[in-house]
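[1] Build me a model:
(4 chains, ligands or ions: 6)
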Amino acid sequence: MNTLSINLPGLDLKNPIMPASGCFGFGREYSQFYDLSSLGAIMIKATTAEPRFGNPTPRVAETSAGMLNAIGLQNPGLEKVLEEELTWLEQFDVPIIANVAGSCEEDYVHVAREISKAPNVHALELNISCPNVKEGGIAFGTIPEVAREVTRKVKQVSDVPVYVKLSPNVSSIVEIAKAVESGGADGITMINTLLGMRIDLRTGKPVLANTTGGLSGPAIKPVALRMVYEVNQHISIPIIGMGGISTAEDAMEFIYAGASAVAVGTANFVDPFVCPKIIDELPGLLQKIGAAHISECIGRSWKQNEAIANHRA
Amino acid sequence: MNTLSINLPGLDLKNPIMPASGCFGFGREYSQFYDLSSLGAIMIKATTAEPRFGNPTPRVAETSAGMLNAIGLQNPGLEKVLEEELTWLEQFDVPIIANVAGSCEEDYVHVAREISKAPNVHALELNISCPNVKEGGIAFGTIPEVAREVTRKVKQVSDVPVYVKLSPNVSSIVEIAKAVESGGADGITMINTLLGMRIDLRTGKPVLANTTGGLSGPAIKPVALRMVYEVNQHISIPIIGMGGISTAEDAMEFIYAGASAVAVGTANFVDPFVCPKIIDELPGLLQKIGAAHISECIGRSWKQNEAIANHRA
Amino acid sequence: MIKNEQLMIVSQKQIAESIYELTLQGELVSEMKQPGQFVHLKTGDGYEPLLRRPISISSIDNEKKQFTMIYRAEGRGTALLSAKKEKQKVDVLGPLGNGFPVEAAAEGETALLIGGGIGVPPLFELSRKLTEKGVRVIHVLGFQTKNAMFYEQQFSLLGETHIATVDGSYGTKGLVTDVIDNLRDNFAAIYSCGPTPMLKAVQDKFQGRDVFLSLEERMGCGIGACFACVCHAAEGAGGKSYRKVCSDGPVFPAGEVVL
Amino acid sequence: MIKNEQLMIVSQKQIAESIYELTLQGELVSEMKQPGQFVHLKTGDGYEPLLRRPISISSIDNEKKQFTMIYRAEGRGTALLSAKKEKQKVDVLGPLGNGFPVEAAAEGETALLIGGGIGVPPLFELSRKLTEKGVRVIHVLGFQTKNAMFYEQQFSLLGETHIATVDGSYGTKGLVTDVIDNLRDNFAAIYSCGPTPMLKAVQDKFQGRDVFLSLEERMGCGIGACFACVCHAAEGAGGKSYRKVCSDGPVFPAGEVVL
Ligand SMILES: Cc1cc2nc3c(=O)[nH]c(=O)nc-3n(C[C@H](O)[C@H](O)[C@H](O)COP(=O)(O)OP(=O)(O)OC[C@H]3O[C@@H](n4cnc5c(N)ncnc54)[C@H](O)[C@@H]3O)c2cc1C
Ligand SMILES: Cc1cc2nc3c(=O)[nH]c(=O)nc-3n(C[C@H](O)[C@H](O)[C@H](O)COP(=O)(O)OP(=O)(O)OC[C@H]3O[C@@H](n4cnc5c(N)ncnc54)[C@H](O)[C@@H]3O)c2cc1C
Ligand SMILES: Cc1cc2nc3c(=O)[nH]c(=O)nc-3n(C[C@H](O)[C@H](O)[C@H](O)COP(=O)(O)O)c2cc1C
Ligand SMILES: Cc1cc2nc3c(=O)[nH]c(=O)nc-3n(C[C@H](O)[C@H](O)[C@H](O)COP(=O)(O)O)c2cc1C
Ligand code: FES
Ligand code: FES
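    Ligands and ions are numbered 1, 2, ... in the order given. Next up, the predicted model:
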């Protein structure tokens, strides 16, 4: 029996581990290291209607247990992603989650409609939370009504289930989650990066050419976990959790918090084998925890609390 | 010449370094290690009208390059703080910034009125951003109008300048900053902790008894810096910056970002001598940077950019 | 006085499964006054792990300016500590807290020392100090299993020593309380350190006697400044009165705090 | 093929002010094909520093399965690397990128190798490979000051070597360009690695010639997946075409990318 399989809208996952968007390109580089078919799924790099060069360099900076990036959604554009990247990915037995970005509603709708037709795209991830593009992006992710509307519009045209990726840079992530759920989202992916910056004392200027960037890596894990924990208690659609995951234990913490599956981002840069390593270690961890199947662990941290609360009451 | 002196509303600082509220008690413990008169100022532990026990333990948990706390504003209450702690602190030649907390507007007003009368309290720090108390606190810090109102009310009764401490757990910290500025705040202190959590896989439950807690330490530095940088460009009152400061270089990054002075929190737990160490190192750093006085460095990162932008235009 | 000093590692030995004995040397040792105090150690160089780790002092050699700790390598901090070698330095903050009152038992009287697992170490220096002044000591030490046991011989040299293991692989099968129930001596003082349920059992069993309990709590500063390690005091209405484990404790007379 | 392996430190030596020479041994060495490639090193155990550090390969010994790097200990990562000792392991990802084309110069022809500061190291293996096949090499190496200079002798053994120091403490006072202006040879190929202003000067000076430039950029993954290290390609309208320094470079023919 596969103790790691998880079924989510549009996604039959062999296991709950997938690389996060933007941290795995379109898979080509990591295919040198291992068979991509071993992954639960792949979240490919954000795709926009037109090719984008992104921001000037330097685009990355290191911070304590984290990194900042301001790539600016560089990608070869919808046409090339469809023709070259997704076609190439068809050789692997792995569902693709296409990360869709744009600077206005029409962009999202257009890319979503087209990319959802690709045979190996099993779900969309609506990126309404990229902190590194000025012309929109982030606004979609911080205003509940705007987030609901773009979700609704994309749902109308998408051939596959739609997950919406939430920004942590908000006063109440639960509100946004509820809004996109009411807009028809099939699932939530969270979190995107926290907005941060660094200053170079030698030059006196921000390290990143873009001034600010998105903070990722172990440093943000406690914030991500808290948000998954909160959101999971207020919505009924599933969550794919991410933010600083580097080990099987980290992944399990997210699942305990309420994620049905998890994505690994920055850790791929540190250890290119991190995803298969986590997949290999999960069965042993399940045994240690005393769970027969990974699905038993979803939301255990608060469901347990709830059980206790009910018991006391 | 003292190259480190800074004048802020109510505060003649020998140097821009002070321990952050809640990370230094009322100074007694650290007075074993060095003369408190060497500090720029002291931000004392949050004071509420009545004594508070705070949250159940465990109240702290470690994270990558950070820590979570859920102390819950434990303090001996206004009366004892006035009689025992502030009186004891009078032996030192150091301005005290009194951190004021409450669960409703009247609480803030009451504590502010009374504590601002203490002779060594030179400024108040309105704590509208504690993430660890359920009955209000945080709400004051996330809704602009509420933040403005409590600021206005406190200003009316306070004998000394009022600084307002901002929460980073908001969609737009600039909006809150503008609101408290328009409410009459004399300065801003930022940031309080990011809301986070950890789960213990052995018990399956959150590590903190309070479930969630405030994330502090080096992990949050990039977020804090970004916020200081943003806020400084939109308000004209001074900022006391904090969040992960552990070295003189960290302090200088905040000053470059736009802080007029900085506070050191979590780092005191790691190295009890961290504040005097930073104070000792600053003059050398100033020299290396080529600045004659610390005040030249305030906001240098964006003022430089602005100068460049103006030059180009 | 509390000091912060880089102390040199004189020796580091594994003495049981995951259990290490670490001896350090430095000036700070001369500040150590009382058995049951602890130190706060920085186990890594950078920000990870960030916080210090509280570890009890298990023996003091004032002449050589050395002291010893016994600890379990469990999480990241203690694992890093266990990887350190002779001649390397360790950043120590201490001595911290208030320890066991040796004066509670007089020459010729008998004291009972009850330790559980990683709560055993501070009892060793206590036992040495008690026997030095002529107190008869009886030790009851509990461990999970034989492989996790340590210092049986060292304690035996100081006085009668009973061992209990949870799995029965050595000594009495069960908990320390199973051993205590069979002791018939008249104890002038009872000292205990270990898991809270054990401390509770000890407190209940020896009601109205001179019992001293050493508590454990997650710590931030270790010196009394952060309010992380607070426990409820038994006295006072409304539950607002408290003690800090780091600076008021870690040792409290039974009945002073709520367990 | 790119591999990820724990390589053993054969030697670590300081060879100039803040400059270290580090030799590692392991299977991964057999994958190194071209001078100018680099490796991506993990310099600490935990999450701090988090990212790998890109360092050029400065010489390869295929027989012994060893390779050498020369680096400046500057920030936290390289400082940690410099503290590592013989017999310890280093986590290496590599070899990465595309290096210098040795085939651009034929036997009997002359090649010019221009290096600045910490851009000098990859030229050493290049020079060895060129001289091996009978190419005459001329080195022009620039350093900040005499104390930061390294490998003058090693380069001299392979061919004519000119040194420039910014402060004039050794060789020609000034930049490498000041030396180059006086060279009258006919170069079949020009190779350069160093700060961008230097590369620009080299590109301008040798317009229309076979020039190969090694670029530096902040990196995330080092393998082409994250788009951190991108630079504009010279061709293509709208500025949307690009090259990745890590996987398309770090060496590019002059004119291929915008400097
Ligand atoms: C006063 C006192 C004396 C102690 N004496 C000893 C001793 O002599 N020998 C020994 O082996 N252990 C002792 N402990 C427990 C020891 O502090 C923990 O085992 C240790 O901190 C765990 O660190 P880690 O890096 O292994 O675990 P991690 O899981 O990495 O620790 C994460 C965080 O939790 C804290 N933590 C985890 N477990 C405990 C615990 N049981 N108590 C307090 N904080 C904890 C850590 O300090 C750290 O801040 C003592 C604790 C206290 C409070
Ligand atoms: C292809 C390539 C080859 C290189 N070869 C060498 C070499 O042979 N010898 C050598 O001494 N240096 C070389 N460098 C530069 C070297 O990577 C940096 O000096 C090093 O990463 C700085 O790390 P740190 O820990 O000292 O600095 P930190 O300031 O701690 O670094 C913080 C972050 O910035 C990055 N960074 C800082 N400076 C640079 C830089 N100049 N280039 C790229 N990233 C940087 C780091 O990798 C890290 O991610 C090379 C760089 C590249 C891109
Ligand atoms: C270099 C880089 C590029 C990223 N690009 C994207 C992107 O294109 N689309 C997106 O939705 N998220 C992007 N992200 C965010 C990640 O998918 C992920 O949400 C975030 O990094 C947190 O996870 P981590 O801490 O595991 O990296 C990017 C992150 C990094 C570090
Ligand atoms: C244990 C602890 C207790 C704190 N208590 C308070 C408090 O009472 N009032 C307050 O305004 N901030 C409190 N803070 C927040 C700090 O003052 C500071 O804003 C925050 O920790 C970020 O700075 P740092 O990263 O340097 O710690 C507390 C922080 C910690 C870690
Ligand atoms: S650990 Fe800070 S008060 Fe005890
Ligand atoms: S460093 Fe990731 S693409 Fe070059």
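[2] Tell me the secondary structure at C:A164.
    Here C:A164 is strand, with the state taken from DSSP: H, G, I helix; E, B strand; the rest coil.
[3] so what's it bridging to?
    Beta-bridge partners of C:A164, counted by DSSP bridges, are C:G142, C:T172.
[4] which residues does it contact?
    C:140-143, C:171-176, C:178-179 (Cβ atoms under 8 Å, 6 or more residues apart in numbering or on different chains). All C-beta atoms are positioned from the backbone trio N, CA, C, and that covers glycine.
[5] Relative to ligand 2, how far out is it?
    Taking Cβ to the nearest ligand atom, to the nearest Å as the measure, C:A164 falls 52 Å from ligand 2.
[6] By proximity to ligand 4, which residue of the stretch 1-150 of chain A wins?
    A:S64 (10.6 Å; Cβ to the nearest ligand atom).
[7] contacting residues around that residue?
    A:219, B:65, B:217-219, B:221, B:244, C:46-48, D:48 are the contacts of A:S64 under Cβ under 8 Å, 6+ apart.
[8] and if you look at C:R128?
    Taking Cβ under 8 Å, 6+ apart, we find C:R128 in contact with C:35, C:59, C:158.
[9] Same list (those residues) but as TSV, adding pLDDT.
    Output for the contacts of C:R128, formatted as TSV (pLDDT from 0 to 100):
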residue	pLDDT
C:P35	97
C:S59	97
C:L158	96
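[10] what kind of secondary structure is the residue of chain A at minimum distance from ligand 3 in?
    Nearest residue of chain A to ligand 3, counting by Cβ to the nearest ligand atom: A:G22, 1.8 Å away. Counting by three-state DSSP, the backbone at A:G22 sits in coil.
[11] Quick check: chain neighbours aside, which residue is closest to it?
    Spatially, and ignoring its direct neighbours in sequence, A:G22 is nearest to A:K45 (5.4 Å; Cβ to Cβ, 6 or more residues apart in numbering or on different chains).
[12] So that neighbour is in contact with A:A20, correct?
    No. Between A:K45 and A:A20 there is no contact under Cβ atoms under 8 Å: 10.1 Å.
[13] check contacts around C:T78.
    Counted by Cβ under 8 Å, 6+ apart, C:T78 has contacts C:43, C:53, C:71-72.
[14] Tell me who's in contact with the residue of chain C found nearest ligand 4.
    Of all residues in chain C, C:C226 sits closest to ligand 4, at 4.4 Å by Cβ to the nearest ligand atom. Contact analysis of C:C226 by Cβ under 8 Å, 6+ apart lists B:22-23, B:25, B:60, B:69, B:71, B:269, C:220.
[15] ok, A:V231 - contacts?
    Neighbour list for A:V231: A:166, A:173-174, A:177, A:188, A:190, A:239, A:258 [criterion: Cβ under 8 Å, 6+ apart].
[16] I'd like to know which of these are buried.
    For the contacts of A:V231, a burial check counting by 16 or more other Cβ atoms under 10 Å in any protein chain shown picks out A:166, A:173-174, A:177, A:188, A:190, A:239, A:258.
[17] Next, count neighbours for C:Q154.
    Using other Cβ atoms under 10 Å in any protein chain shown, C:Q154 has 16 other residues around it.
[18] before we move on, which element is the residue positioned nearest the centre of chain C in?
    Taking Cα atoms, centre = their mean, the centroid of chain C lies closest to C:P122, which sits 3.1 Å from it. If you go by DSSP states H and E, C:P122 is part of helix C:121-132.
[19] ok, back up a step: can you tell me which of the contacts of C:A164 are classed as buried?
    By 16+ other Cβ under 10 Å, the contacts of C:A164 give C:140-143, C:171-172, C:175-176, C:179 as buried.
[20] Show me which of those residues is closest to chain A.
    Using Cβ to the nearest Cβ, C:F143 comes nearest to chain A of those, at 22.0 Å.
[21] which residues touch that closest one?
    Applying Cβ under 8 Å, 6+ apart to C:F143 gives the contacts C:116-117, C:120, C:149, C:163-166, C:170.
[22] Now A:F269. Nearest residue, chain neighbours left out?
    Spatial nearest neighbour of A:F269, chain neighbours left out: D:C221 (4.4 Å); criterion: Cβ to Cβ, 6+ apart.
[23] Then C:Q12?
    Leaving out its chain neighbours, the residue that sits closest to C:Q12 by Cβ to Cβ, 6+ apart is C:L22, at 5.0 Å.
[24] now that neighbour, what's its secondary structure?
    Assigned by three-state DSSP, the conformation of C:L22 is strand.
[25] In TSV, list the buried ones among the contacts of C:A164 along with distance to D:E17.
    Shown next, in TSV, are the buried ones among the contacts of C:A164 (distance: Cβ to Cβ, whole Å):
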residue	distance to D:E17
C:V140	62
C:L141	57
C:G142	58
C:F143	55
C:G171	62
C:T172	66
C:L175	63
C:V176	61
C:V179	65
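[26] from those, which are also near ligand 5?
    Among the buried ones among the contacts of C:A164, no residue lies close to ligand 5 (Cβ under 6 Å from any ligand atom).
[27] And those residues, which is closest to chain B?
    Of the buried ones among the contacts of C:A164, the one sitting nearest to chain B (Cβ to the nearest Cβ) turns out to be C:F143, at 19.4 Å.
[28] Now do A:C23, the pLDDT please.
    With respect to pLDDT, A:C23 scores 98.
[29] Might one say that it is in contact with A:G265?
    Yes. A:C23 lies in contact with A:G265 (Cβ under 8 Å); the separation is 4.0 Å.
[30] who's more crowded, the two?
    A:G265 (27 against 23).
[31] Look up the closest residue to that one, ignoring the ones flanking it.
    A:G265 sits nearest to A:A20 (Cβ to Cβ, 6+ apart), 3.5 Å away.
[32] tell me the contacts of that neighbour?
    Taking Cβ under 8 Å, 6+ apart as the test, what A:A20 contacts is A:43, A:242, A:263-265.
[33] what would those residues look like in TSV with distance to ligand 1, pLDDT and secondary structure?
    Shown next, in TSV, are these (distance: Cβ to the nearest ligand atom, whole Å; pLDDT from 0 to 100; DSSP: H, G, I helix; E, B strand; the rest coil):
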residue	distance to ligand 1	pLDDT	secondary structure
A:M43	31	98	strand
A:M242	23	98	strand
A:A263	25	98	strand
A:V264	22	98	strand
A:G265	24	98	coil
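[34] Which pair of these spans the longest distance?
    Distance extremes for the contacts of A:A20: the farthest pair is A:M43 and A:V264 at 9.8 Å, using Cβ to Cβ.
[35] overlap in contacts of the two?
    Contact criterion Cβ under 8 Å, 6+ apart; residues shared by A:M43 and A:V264: A:18-20.
[36] just how off-centre is stretch C:215-235 within its chain?
    From the chain centre to the centre of stretch C:215-235 is a distance of 16 Å (Cα atoms, centre = their mean, to the nearest Å).
[37] Dump the C-alpha coordinates for it into PDB.
    Extracted in PDB, the C-alpha atoms of stretch C:215-235 (Å, rounded to 0.1, in the frame of the first residue of the first chain):
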ATOM      1  CA  LEU C 215      12.000  22.400  38.100                       C
ATOM      2  CA  GLU C 216      12.500  22.600  34.400                       C
ATOM      3  CA  GLU C 217      10.900  25.100  32.000                       C
ATOM      4  CA  ARG C 218      11.600  26.500  28.500                       C
ATOM      5  CA  MET C 219      13.800  29.500  28.900                       C
ATOM      6  CA  GLY C 220      14.600  32.700  27.000                       C
ATOM      7  CA  CYS C 221      17.100  34.800  28.900                       C
ATOM      8  CA  GLY C 222      17.900  32.500  31.800                       C
ATOM      9  CA  ILE C 223      18.400  35.400  34.100                       C
ATOM     10  CA  GLY C 224      14.900  36.700  35.000                       C
ATOM     11  CA  ALA C 225      14.400  39.300  32.400                       C
ATOM     12  CA  CYS C 226      12.000  37.800  29.800                       C
ATOM     13  CA  PHE C 227       9.200  36.100  31.800                       C
ATOM     14  CA  ALA C 228       9.400  32.900  29.700                       C
ATOM     15  CA  CYS C 229      10.000  30.500  32.500                       C
ATOM     16  CA  VAL C 230       7.300  31.600  34.900                       C
ATOM     17  CA  CYS C 231       5.200  29.200  37.100                       C
ATOM     18  CA  HIS C 232       2.300  30.000  39.400                       C
ATOM     19  CA  ALA C 233       3.200  30.500  43.100                       C
ATOM     20  CA  ALA C 234       1.000  28.500  45.500                       C
ATOM     21  CA  GLU C 235       0.200  31.500  47.600                       C
END
